[in-house]
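Asker: heads up, no residue letters with this:
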């Protein structure tokens, strides 16, 4: 009888101690500390100069080392790269703009929305479109092209070397997007 009471008491203590009031902590993201925006002049190409973030490095694309028309602006701290490709305009303006649009629209399957910002600066002869591609699993959250419509055409795309989760990357995307605006509006054709 004593063993039964002890067993029942033990079971009651066990049941009473198994309250499920504790909740697991929600998933969180690592806090990302971003530096102040600071820029330097980059003159690494035969076709343009531009302002580049001091937190980034400019390198010739390793897949196209024989030509300096493919440039990468790398952000090693954030595993991000802006891929730039330059093409001279030689009766191919419509093809170049359509290719740039097609590359951005390819993300539509994963995108929640694609917002277009038109660039028109007659004084600097800069024209183009910035495609901000929203969606948590979009591979490239920002693509753009700029041109003077007669000689120069530059296409750019931002990619991260991580599995896309643009909700957690949002602060970095916004930070680099500001750098892209600076690059675009400070570009000078040669």
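Answerer: That came through fine. Everything quoted here is computed from the prediction, not taken from an experiment.
Asker: show me the contacts for residue 98.
Answerer: Counting by Cβ atoms under 8 Å, 6 or more residues apart in numbering, residue 98 touches no other residue. Using the backbone N, CA and C atoms, a C-beta is placed for each residue, glycine as well.
Asker: is it fair to say it lies in a strand?
Answerer: No: checked against DSSP: H, G, I helix; E, B strand; the rest coil, residue 98 lies outside a strand; its state is helix.
Asker: from residue 155, how far out is it?
Answerer: For residue 98, the distance to residue 155 equals 12 Å [Cβ to Cβ, to the nearest Å].
Asker: cool, and residue 91?
Answerer: The value you get for residue 91 to residue 155, if Cβ to Cβ is used, is 18 Å.
Asker: who's more crowded, the two?
Answerer: residue 155 (21 against 6; other Cβ atoms under 10 Å).
Asker: excluding covalently adjacent residues, which one is nearest to that one?
Answerer: Leaving aside its sequence neighbours, residue 155 sits nearest to residue 145 (Cβ to Cβ, 6 or more residues apart in numbering; 4.5 Å).
Asker: nearest residue to the middle of the chain?
Answerer: The geometric centre of the chain, computed from its C-alpha atoms, lies nearest to residue 158 (Cα atoms, centre = their mean), at 4.2 Å.
Asker: against residue 186, how distant is it?
Answerer: With Cβ to Cβ as the criterion, residue 158 and residue 186 are 17 Å apart.
Asker: who does whichever strand or helix holds the residue nearest to residue 155 pair up with?
Answerer: Applying DSSP states H and E as the criterion places residue 145 in strand 142-147. Each strand paired with strand 142-147, and its direction, by DSSP bridges: strand 126-134 (antiparallel), strand 152-160 (antiparallel).
Asker: can you tell me what sits against stretch 177-187?
Answerer: With contacts defined as Cβ under 8 Å, 6+ apart, stretch 177-187 is touched by 37, 39, 48-53, 56, 73, 82, 119, 121, 124, 126, 128, 130, 132, 142, 144, 146, 154, 156, 158.
Asker: what sits against residue 137?
Answerer: Here residue 137 is in contact with 110, 164, 165, 166 (Cβ under 8 Å, 6+ apart).
Asker: helix, strand, or coil at it?
Answerer: Secondary structure for residue 137, judged by three-state DSSP, is coil.
Asker: same thing with residue 104?
Answerer: Assigned state for residue 104: helix (three-state reduction, three-state DSSP).
Asker: now it: how far from residue 156?
Answerer: 11 Å.
Asker: what is in contact with these two at once?
Answerer: By Cβ under 8 Å, 6+ apart, the residues touching both residue 104 and residue 156 are residue 143.
Asker: now do the strands in the protein.
Answerer: Ranges of strands within the chain are 39-42, 48-53, 57-60, 70-75, 80-88, 113-121, 126-134, 142-147, 152-160, 188-189, based on DSSP state E.
Asker: surely residue 45 and residue 71 touch.
Answerer: Yes: between residue 45 and residue 71 there is a contact under Cβ atoms under 8 Å: 6.5 Å.
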